[in-house]
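> got a predicted structure here, sequence first:
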Amino acid sequence: MEFTHFDGQGRARMVDVSGKGETVRTAVARGYVFMKPETLSMIKEGRIKKGDVLAVAQVAGIMAAKKTPDIIPMCHNITLTGVDMDFSIIDERSAVAVEARVKCTGRTGVEMEALTAVSAACLTIYDMCKSVDKDMVIKNIQLVEKSGGTSGDFRREEEVPWEK
């Protein structure tokens, strides 16, 4: 088997994408933070002592998308053209759904940037609320869809963030 991210001497390398054409690329990732109902109420009512949990998580997600190549070794530096974060309260599951939409025009995809944005936003929610709820669980961070590039489009057919 030939590894794409190792050179002939077995050392890590970043793949050369200079031969690829630039296309518009998008990626959507999603994840969930499950928590106690009291914690979710505190978020909704703005009673978490550290401040507005979702506003801070939004900024964290955007910043993380921009810094993805700094923390994921084989990621290329990509000039992002857009990062949108969205948060949904799921009362019946006592959870916050976090979604990131990332876009660029480039030679490589933005899946890792979207996944990193969701991860950082989920971790920020945990950090902001851990003083009142250490039982929170971050689950099912996953790519939901992507478009552009030579591998084509992808759309997750079924997403089940919790057990049926």
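Structure's in. What do you need?
> please count neighbours and contacts with C-alpha atoms only from this point.
Fine.
> contacts only, for residue 12.
By Cα atoms under 8 Å, 6 or more residues apart in numbering, the contact list for residue 12 reads 5-6.
> okay, it: pLDDT?
Here the pLDDT value assigned to residue 12 is 83.
> against residue 29, how distant is it?
27 Å (Cα to Cα, to the nearest Å).
> skipping its backbone neighbours, what lies nearest residue 75 in space?
Leaving aside its chain neighbours, residue 75 sits nearest to residue 69 (4.9 Å; criterion: Cα to Cα, 6 or more residues apart in numbering).
> distance from the helix or strand hosting that neighbour to the middle of the chain?
Under the criterion of DSSP states H and E, residue 69 resides in helix 68-71. Centroid displacement of helix 68-71 relative to its chain, using Cα atoms, centre = their mean, to the nearest Å, is 13 Å.
> buried ones in that helix?
Across helix 68-71, burial judged by 16 or more other Cα atoms under 10 Å covers 68-69.
> give me the residues contacting the longest helix anywhere in the chain.
Across the chain, the longest stretch assigned as helix under DSSP state H is helix 111-129. Contact with helix 111-129 is made by 26-33, 39, 48, 50-51, 53-54, 56-66, 68, 75, 98-102, 136, 138, 141-143, 146, as judged by Cα under 8 Å, 6+ apart.
> who's the nearest residue to residue 84 once chain neighbours are set aside bridged to?
Excluding the flanking residues, the one nearest residue 84 by Cα to Cα, 6+ apart is residue 101, at 5.1 Å. Counting by DSSP bridges, residue 101 forms beta bridges with residue 28, residue 84.
> just checking, residue 101 touches residue 30?
No: counting by Cα atoms under 8 Å, residue 101 stays clear of residue 30, with 9.1 Å between them.
> could the C-alpha coordinates of stretch 14-32 be exported in CSV?
Taking Å, rounded to 0.1, in the frame of the first residue of the first chain, the C-alpha atoms of stretch 14-32 are listed here in CSV:
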residue,chain,number,x,y,z
MET,A,14,1.7,17.5,3.0
VAL,A,15,0.3,16.4,-0.4
ASP,A,16,1.1,18.7,-3.3
VAL,A,17,-2.3,20.0,-4.6
SER,A,18,-0.8,22.5,-7.0
GLY,A,19,-2.0,20.4,-10.0
LYS,A,20,-5.6,20.5,-8.9
GLY,A,21,-7.9,23.1,-10.3
GLU,A,22,-9.7,25.6,-8.0
THR,A,23,-13.3,24.9,-7.4
VAL,A,24,-15.9,26.2,-5.0
ARG,A,25,-16.0,23.9,-2.0
THR,A,26,-18.4,23.7,0.9
ALA,A,27,-18.7,21.5,3.9
VAL,A,28,-21.3,21.1,6.7
ALA,A,29,-20.5,19.4,10.0
ARG,A,30,-22.6,18.9,13.0
GLY,A,31,-22.2,17.8,16.6
TYR,A,32,-24.1,17.7,19.9
